[in-house]
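Q: Quick one, what's the 3D model for this:
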Amino acid sequence: GGGFPFGPSMDFYLYVDDVTLDLPASCARPSGVVVSNVASNSVHVSWNATTATSYIVEYGPANFVLGSGTQMTATTNAVNLTNLSASTHYDVYVKGICAGADTSANSFATSFTTSCGELTVLPLNENFDTYTATTSTTTENLPTCWTRINTGTSNVGCPIIYNNSSFAHSGNNSLYFYLI
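A: Got it, this is the predicted structure:
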């Protein structure tokens, strides 16, 4: 049998498939990746230096497939990423280019979200139909970059994106102010 034995007479089998054995890279995987100075279109990324001669930084929208992101080469253990989109979730990875021309494994993903950009076009028209709505007055679900200012303690969930076509000018959603 297979699985996990619970007695001395039970056998245990382990199956593996598609195994690759390779020599380790001649430099360590970068670690300690930190994102700082987050703005609406740029961030600063730094990491613990290794014995690598340079680094490849790859970034893209959250959960992008490695190899499909934007890549840049760095000769130090820090870079500035620019031309980013405001209010967007990103992942960033760093790998070392070792002295022997091989590369280290990628760092683990470090995620960040750029800050909100400025409102540059007026009037602002928003019908809230592209957002997940609720019928609960205790669920906070404002769009990204919208902030609820609460100076009291009794109006949790106010305002919310509310799902009820009776109150919407178009579609099904509206911004609902729950007054207690």
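Q: Going C-terminal from the lowest-mean-pLDDT helix or strand in the chain, what's the next secondary structure element?
A: Lowest on mean pLDDT, DSSP states H and E among the helices and strands of the chain sits strand 160-163, with a mean of 80. Remark: after strand 160-163, the chain's next helix or strand is strand 173-176, criterion DSSP states H and E.
Q: which other helices and strands contact that next one?
A: strand 160-163 (3 or more CB pairs under 8 Å, 6 or more residues apart in numbering; DSSP states H and E). Every residue, glycine included, has its C-beta placed from N, CA and C.
Q: Can you report how many residues lie near residue 168?
A: 18 (other CB atoms under 10 Å).
Q: Setting the sequence-adjacent residues aside, check what's closest to it.
A: Distances taken as CB to CB, 6 or more residues apart in numbering place residue 174 nearest to residue 168, at 4.4 Å, with adjacent residues excluded.
Q: Please tell me how far that neighbour sits from residue 158.
A: 13 Å (CB to CB, to the nearest Å).
Q: how close does residue 110 get to residue 38?
A: On the measure of CB to CB, residue 110 and residue 38 end up 12 Å apart.
Q: neighbour count winner among these two?
A: Regarding residue 110 and residue 38, a neighbour count based on other CB under 10 Å identifies residue 110 as having more, with 17 against 13.
Q: Just grab the bridge partners of the more buried one for me.
A: Using DSSP bridges, the bridge partners assigned to residue 110 are residue 92.
Q: thinking it is in contact with residue 91, fair?
A: Yes. Using CB atoms under 8 Å, residue 110 is in contact with residue 91, at 7.0 Å.
Q: re the thing from before, off-centre distance for the least confident helix or strand of the chain?
A: 25 Å (CA atoms, centre = their mean, to the nearest Å).
Q: swap in stretch 53-63?
A: Counting by CA atoms, centre = their mean, stretch 53-63 comes out at 13 Å from the chain centroid.
Q: in it, what counts as buried?
A: Residues of stretch 53-63 classed as buried by neighbour count (16 or more other CB atoms under 10 Å): 55-60.
Q: Quick check: which helices or strands does the least confident helix or strand of the chain pack against?
A: Looks like strand 160-163 contacts strand 173-176 (3+ CB pairs under 8 Å, 6+ apart).
Q: Pull the residues that contact the strand it packs on.
A: With CB atoms under 8 Å, 6 or more residues apart in numbering as the test, strand 173-176 has contacts from 127-129, 131, 133, 137, 158-164, 167-168.
Q: got a winner among these for most neighbours?
A: Neighbour max across the contacts of strand 173-176 (other CB under 10 Å) = residue 160, 25 neighbours.
Q: Neighbours of residue 50, how many?
A: 19.
Q: Spatially nearest residue to it (excluding sequence neighbours)?
A: Counting by CB to CB, 6+ apart, the residue nearest residue 50 is residue 28, at 4.7 Å.
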